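1. missing the sequence, but the structure's below:
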């Protein structure tokens with residue numbers, strides 16, 4: 001049986017968790033493939049009392065609480081892993097995806113630790129036709145509206161909403177490519193957003209990404225060169241803010257009855 005055609009029951013057996021046990025909200029953390037101990041620490045930044053929920057998911061699916069709401073949490077790295085995870089979790093009943101993580105800025109005006117909300121994204125090598133035939137794919141409009149309202153209410157000014165690009169692998173960028181992307185007014189680059197939006201759209205999942213700038217590729221300003229420990233407080237502050245945004249979006253979605 002082709003993997004894409006696996007029935008829900010087969011996915012349940014494979015993952016070791018029943019559909020009814022999976023929360024409809026999923027935080028998808030796009031990040032470097034860390035060792036297991038580091039993953040647990042990252043999960044604990046966002047969820048209260050997280051527990052590994054799918055024993056066959058390579059220790060990569062947790063369920064916990066975010067301000068009293070039951071939420072799932074998975075870490076992904078790159079397009080392939082993101083697509084696999086979204087396919088699987090859609091079969092298990094996930095309805096909303098909140099992608100968090102980091103991006104590299106493609107505009108000089110964007111500072112480290114600013115937030116990017118990709119309204120639309122494109123995959124550098126061309127979006128896989130299996131997922132979507134459109135050049136750009138967009139986040140869910142309702143989730144974007146709610147996120148905008150929250151940012152305005154909280155008077156947070158260091159954010160950008162617009163188009164981003166997702167590349168195939170970390171070392172694909174060159175100075176020439178970066179200049180071209182900057183001229184085309186792409187805000188930032190990552191490795192997952194375009195695929196997340198495309199696969200989510202195909203599967204009927206509502207998805208949005210809220211990402212933090214960790215490098216400015218145009219200015220060749222890399223966090224690793226900027227004394228990470230000195231900037232750690234800023235990183236933690238904005239991570240906390242992203243968590244607050246996601247929590248508030250989930251709250252408002254549930255208040256609307258999931259509409």
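-> That came through fine. Fair warning: this is a prediction, and the values are worked out from it, not measured in the lab.

2. mind checking pLDDT for the residue lying closest to residue 8 once chain neighbours are set aside?
-> Leaving aside its sequence neighbours, residue 8 sits nearest to residue 91 (CB to CB, 6 or more residues apart in numbering; 5.1 Å). For glycine as for every other residue, the C-beta is placed from the backbone atoms N, C-alpha and C. Note for residue 91: predicted pLDDT of 94.

3. Tell me how many other residues surround residue 91.
-> As a burial measure, residue 91 scores 20 neighbours (other CB atoms under 10 Å).

4. Would you mind measuring from the nearest residue to residue 115 once chain neighbours are set aside to residue 235?
-> Distances taken as CB to CB, 6+ apart put residue 159 closest to residue 115, at 4.0 Å, once the chain neighbours are dropped. The spacing between residue 159 and residue 235, counted by CB to CB, to the nearest Å, is 16 Å.

5. Next: residue 55.
-> 32 Å.

6. And the helices in the stretch 151-259 of the chain?
-> Secondary structure of the stretch 151-259 of the chain (DSSP state H, counting those that start in this stretch): helices at 175-183, 193-203, 228-255.

7. Just to check, residue 186 is in contact with residue 106?
-> Yes: look at residue 186 against residue 106 with CB atoms under 8 Å: they come within range, at 4.9 Å.

8. between the two, which one's more packed in?
-> residue 106 (27 against 21).

9. so who does residue 55 touch?
-> 16-17 (CB atoms under 8 Å, 6 or more residues apart in numbering).

10. pLDDT score assigned to it?
-> Predicted confidence (pLDDT) for residue 55: 83.

11. do the same with the one 10 residues further on
-> The model reports residue 65 with a pLDDT of 97.

12. Excluding chain neighbours, what is closest to it?
-> Nearest one to residue 65, counting by CB to CB, 6+ apart, is residue 48 at 4.4 Å.

13. where does the stretch 1-150 of the chain have low pLDDT?
-> Applying pLDDT under 70 to the stretch 1-150 of the chain picks out residues 1, 126-134.

14. Okay, helices next: where are they in it?
-> 8-15, 36-46, 78-91, 141-153.

15. Give me the buried stretch members for the second one, please.
-> By neighbour count on 16 or more other CB atoms under 10 Å, the buried set for helix 36-46 is 39, 42-43, 46.

16. swap in the third one?
-> Within helix 78-91, the residues that qualify as buried are 78-79, 81-83, 85-91, counting by 16+ other CB under 10 Å.

17. and what of the last one?
-> When neighbours are counted by 16+ other CB under 10 Å, the buried residues of helix 141-153 are found to be 143-144, 146-147, 150-151.
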